[in-house]
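S.K.: following is a predicted model, sequence given first.
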Amino acid sequence: MKGICKLSYPINSAPHFPQRVILTLALTSLLCAIGFTANNTATAAPNAAKLQLSQNVQNRPNQLPRVVARAVINDAAKRSGVAIADLKITQFTAKTFSNPCIFQFGEVCTREYRPIQGWEVIVQVKEQSWTYHTNRSGSQIVLDPKITATGNVTLPRAIANKILSDAAKRSGVASANLKITQATAKTFGNECHFNFGEVCAEIYKPVEGWEVIVQVKEQSWTYHVNKSGSAIVLDPKVSATSKS
């Protein structure tokens, strides 16, 4: 259309043109004007569409799903004893863990590639930063076993009674004179760590449970107990001198 407009002549500069030619030139000018308007709209449309797409991409980043965030926060609250309202996810990263061993924080892992799509999530728990690995749906959640949950979590009474009974039997001190001074919900990396092993293979087979400190006269005895209370282990460094 630009070429046609350049070939057009102003009507007033050609008074000798027949009326039919003048009418043709007028129509051509009108068509040129319409053509320019149409071209400007067509040019603007793709730009507008591109801008909208860009805005959509910016408004839909790789966000941590709410269900995953809720599962992680609930787990941190349970382990730490801190109210959910006082916990905060400070960082999250979409991640591909090369294999289940790496996903489970294994320190010595094979190079096999069995990828797990998921997230690395950092939760602020008081003065600590807790690192979690989760799968994409949040159905699998693993806390870094190096984390020590030091919250005042209520130890189930049945488990507390079992531990006090064991300490009383070993020490010869009546249960009424023993006191649990600290109970920490904990994930032991594997059974070796649970059993106070000092040289353990870095195979991650987590044991959910508790680390419990019992005051026995002037001593502090450390127990590991699993979540159900079916396995109770006293630190072998403790000198249990029973008087019974």
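M.R.: Now that the structure is in, tell me what you want to look at.
S.K.: same for the host helix or strand of residue 131, what does it pack against?
M.R.: Using DSSP states H and E, residue 131 falls within strand 128-135. Secondary structure elements in contact with strand 128-135, counted by 3 or more Cβ pairs under 8 Å, 6 or more residues apart in numbering; DSSP states H and E, are helix 66-80, strand 88-97, strand 116-125, strand 141-143. Placement of C-beta: from N, CA and C, glycine included.
S.K.: go with 6 Å
M.R.: Contact here means 3 or more Cβ pairs under 6 Å, 6 or more residues apart in numbering; DSSP states H and E; on that basis strand 128-135 packs against helix 66-80, strand 116-125, strand 141-143.
S.K.: residues near the closest residue to residue 126 other than its chain neighbours, how many?
M.R.: Excluding its sequence neighbours, the residue lying closest to residue 126 (Cβ to Cβ, 6 or more residues apart in numbering) is residue 82, at 6.5 Å. Using other Cβ atoms under 10 Å, residue 82 has 20 other residues around it.
S.K.: with the one 10 residues further on instead?
M.R.: For residue 92, the tally of surrounding residues (other Cβ under 10 Å) stands at 20.
S.K.: please begin residue numbering at 601 from this point
M.R.: With 601 as the first residue, the last one maps to residue 692.
S.K.: quick one: the nearest residue to residue 675 once chain neighbours are set aside from residue 703, how far?
M.R.: Take residue 675 and drop its neighbours on the chain: the residue closest to it by Cβ to Cβ, 6+ apart is residue 741, 5.6 Å away. Here the criterion is Cβ to Cβ, to the nearest Å. By it, residue 741 lies 11 Å from residue 703.
S.K.: okay, now the domains of this protein?
M.R.: Structural domains annotated on the chain: 602-659, 666-743, 757-834, as defined by automatic domain parsing.
S.K.: could you export the ones you listed as JSON lines, including mean pLDDT?
M.R.: Formatted as JSON lines, those follow (pLDDT from 0 to 100):
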{"stretch": "domain 602-659", "mean pLDDT": "44"}
{"stretch": "domain 666-743", "mean pLDDT": "90"}
{"stretch": "domain 757-834", "mean pLDDT": "90"}
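S.K.: which one's more surrounded, residue 741 and residue 703?
M.R.: Legend: neighbour count by other Cβ under 10 Å for residue 741 and residue 703, higher for residue 703 (23 against 18).
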